[in-house]
Every structure is written in C-alpha cells, then in structure tokens.
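> quick one: sequence and predicted model below, then my questions.
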Amino acid sequence: MFKFFVQAKSPNTSARAGILEIPHGKIHSPFFMPIGTTGFVKTLTPDELKSLGAEIILANTYHLYLRPGDKNIKKFGGLHKWMGWNGPILTDSGGYQIFSLYEGNTSHQNKSDFKTHVRVHDSGVEFKSHIDGSIHFLTPRDVIKIQNNIGADIIMALDECIPHHADKKYAARAMKRTHDWALQCKKAHKNPRQALFPIIQGGMYKNLRIESAKFISDLDLPGIAIGGLSVGETKKQMYEILETIMPILPKNKPIYLMGVGSPEDLLEAIDRGVDMFDCVMPTRLARHGSFWTLTGRRNIKNSKYRLDQKPLMENCGCYTCQKFTRSYLRHLFTEHETLGLRLMTIHNLHFLLNLMRDARTAITKGKFRQFKKAFLAKFKAHAVRRRRTPQ
RNA sequence: GUGGCCGUAGCUCAGUUGGCAGAGCAUCUCGCUGUGGCCGAGAGGGUCGAGGGUUCAAGCCCCUCCGGCCACC
C-alpha cells in the first residue's frame, strides 16, 4: 500500500531519486506538491495540474475541517472524488496554522482582517474560526480522525511550529509537545490506506533538532517530515539545520521538508537528501505578478514589460509562454483579469515542476552537483545584479 | 441679468480660530516559503483656477477676473 524505493544517487551529494507508491499512484522523487489548501489549487483544474506534471497535491486539514467539514467530504466520497483529482493527496495537519495564526505572532505578518486566534495546550489546540468566530478544540486524535474522513494518501501528525526567534525553553516545550502528539497520532491512526508522517521540530537549536530527529525516526512511521523551517530564519540557518539532522535520519524513508520553497532552496535541500516539498510560492507569487525565469525572479507588473513582445521565459514549454507575450500578461494584470492569475500560475508551476524533473534526471545521470551549480549560477546572478544597480 | 455654491496631486476629495500641502485610489519600485486573488514597505507627482490686496505669515480673510453647477428673473 505504501512503498518507497531509492532508484539512483549522485556522487558528492546526498541527492537521490526514488519512487513513492501510494494508493492513488506512483510519484517520482524528489517531487514538489502544489498547494490546494481548501480542496483546489487556486485558478487551475485538476486536468491542468496533471498536464503540468503534478503527481501529488497538498490540502489542509484545518481549512477543510472548518469548511465544508470533513464529515461532509466523507459523504461526498472523500476529497479525491469530490474535487475531481484522482492522483495522490497529502493533507497537512493544521500545525502550521498554530504558528501562522498564533496570537501575537510577529515573525509572520498577520493579516489585519484575519482575526483567528489560536491557543496551544498540552492536550491539543484551540482555534477560533476565521470564518464565523466559533471556537474549536482539536486533539491529535481529532486531527487523525478528520484526516481519515478527508481520505488523503499521506496524512500529517499534529505539530507545534514555532517562530524562528523562539528561545530555547519555548522551542524545547513545543518540541516535547510535538513528540507527545506524534505518539498520540500514531496510536489513533488505524487506516492502512493512509500513511502517517510525523514531524521534526526543535527551532533553531541543533541539539534539540538532533533529539527530535531521533525521536521521530524511532516512531518508525512510513515517512519523516521536517517542520519549523522557512519561517523567517536565514537560508544559512536553514541549510545548517538540514545538515545537522539529515545524516541521522533513516535512508529508506521519504524525507519531507515542509513549506519549501524557492528554486534555490529546493536544490539545496535535494542536495542534502530531501525528497518531498510543498510551498505556496509558485502559486501565490503568480497571483501577485511574480514569475520565474532561468535568470531569476521578475514581476510582470513592471512598466518595462508594457510593450515587451517576448514570452515570460525564452524556450519555456508551458502553455502561457507558447501563446502569450509579456505585454499581454501585464495588460491582464493591470485590468485585474482572472486569466492573468491563471496563466502566471501555469507558468510558475511548470517552471518549478520542470526544475524538479530536471533535478531528478541529473541525479539519475550522476550529475546533480553540476546541474545545481549551473542552475544557481544563472539564477542568482540576476538577483545580485538587481541589488547592485537598482533600476 | 441677479443671487448662491464650487474650483487643492492623474482621479475623488480633506484641510481646524490664518502657522512646514494632506488622504484614498491610480502610477512607479521592493517584499511575500506546511495559501486570503491579500497584505506590507518605500517612491514620484502641487505656481492650492488667474491676478492683486491685508498680514511677520494666506489654500484659508478682502477685491477683480476666468471657469463649472444650481436657483430666480
């Protein structure tokens, strides 16, 4: 029901290519999961996702529990059937919402009109719904039951994600809670068609991270997730944490770095042995006008694209680049036309999913290091040039 | 013709007893990492309809003119 094989490794790197077999299909690793929090990847149909090469998508337990309600999803025949996506799905547990919606959280900018409150107790999490203000209390056991109802192929244990600047005492307490909850989730989880992944925490403290990595590994569940990164810390900090824990994680299980990321972070994490990723970046940035090219990130709203007859990216095979110019896409954005959001989303997802395919090919050929170096040299050069000579 | 109201940033408008010319939107940059299509940060943009007067100081008070709207002959 759930199998993971490592197929190829590349020299001088921990990067590896593999296959993950789960009830709704096979996934080629390393892979990126587009985010469909509320049961849809914003602006795209499942068919479009499939043709972009997405092999699995991510949805969110907290959001689906509030609306339409996990019990209703079960009545509809499960999330796959309801949303018309017959490929693999992973549901996040809602642990990240503890972090991003936490009262007084300053590391993330809370949306001013998104007045959700979260209180963490040893026994579970208290949420105030951002939809109707109702109060909900969820235990680790509840979170598993909700995910059973939603029916994803991979489900996540409840964890407590903390800000990067959390002190050691706070980080240790959140880690301990995350471990207790992981145990409770394991105990509550009984559906063999769903694989449960526990999550490593420990803040920016290496000894806590090591302790957490060992504890989570010892649970002997089908996969392992790394949480609490890409939450505002520097890239150097994130890579150091990865280098600290990756060597002590089991080699025969998929490793999932939650919430990452940017093209450069994906390659750096693959280099250190990570197999799975998810991130809002390609889809959210697309809706905000940003798009990726091999020479870095740009924004279609810039006035210099007003009369630009080139596609978003030269030699890009995506639908958007085949059919439309930058000037037209900019026009769609200035007119606030929905089509612009769709076309940009298609491009960014194509770019990132293609990057993952290229990385996999490079690993298979034993040339990942060269591939990474060549990609980053072009991609980051643009960012440096921008900093030095602002236009 | 007479009376009244109005004229301030590209647009819609604030502007206190006279005391450094303002906001929202738009424009132009930048940011966004287990999703609010938002949001945040910053920038540019003004002979305050024109001219004169009073005053240390006028968008504001006085006079003339121009333009717009309304009412009444």
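Arrived safely, thanks for sending.

> what pLDDT does the model give the residue lying closest to A:T334 once chain neighbours are set aside?
Distances taken as Cβ to Cβ, 6 or more residues apart in numbering place A:K301 nearest to A:T334, at 7.4 Å, with adjacent residues excluded. Just so you know, the C-beta spots here come from the backbone N, C-alpha and C atoms, and that holds for glycine as well. Note on A:K301: pLDDT of 97.

> try A:H108
What the model reports for A:H108 is a pLDDT of 43.

> how about A:K128?
84.

> now the residue lying closest to it once chain neighbours are set aside: how far from A:S129?
Of all residues not flanking A:K128 in the chain, A:H117 sits nearest, at 4.2 Å (Cβ to Cβ, 6+ apart). Computed as Cβ to Cβ, to the nearest Å, the A:H117 to A:S129 distance reads 10 Å.

> over to A:I210?
For A:I210, the distance to A:S129 equals 37 Å [Cβ to Cβ].

> A:F379 contacts A:G296, correct?
Yes. The pair A:F379 / A:G296 is scored as a contact, 5.6 Å apart, by Cβ atoms under 8 Å.

> the two: which has the busier surroundings?
A:F379 (20 against 17; other Cβ atoms under 10 Å).

> that one: which element?
Using DSSP states H and E, A:F379 maps to helix A:368-388.

> just the strands in the stretch 101-250 of chain A please.
All strands of the stretch 101-250 of chain A, identified by DSSP state E, counting those that start in this stretch, fall at A:118-121, A:124-128, A:135-138, A:154-156, A:195-197, A:199-200, A:224-226.

> need the ones you listed in CSV (columns: distance to A:P46).
Putting the strands of the stretch 101-250 of chain A into CSV (distance: least, Cβ to Cβ, whole Å) gives the following:
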stretch, distance to A:P46
strand A:118-121, 31
strand A:124-128, 29
strand A:135-138, 28
strand A:154-156, 18
strand A:195-197, 22
strand A:199-200, 27
strand A:224-226, 25
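
> contact partners for A:I131?
Contacts for A:I131 (Cβ atoms under 8 Å, 6 or more residues apart in numbering) come out as A:L66, A:R67.

> contacts only, for the closest residue in space to A:S10 that isn't next to it in sequence.
Computed as Cβ to Cβ, 6+ apart, the closest residue to A:S10 that is not its neighbour in sequence is A:F368, at 3.7 Å. Neighbouring residues of A:F368 by Cβ under 8 Å, 6+ apart: A:S10, A:T13, A:A15, A:I270, A:D271, A:A359, A:A362.

> swap in 7 Å and give it another go.
By Cβ atoms under 7 Å, 6 or more residues apart in numbering, the contact set of A:F368 is A:S10, A:T13, A:A15, A:A359, A:A362.
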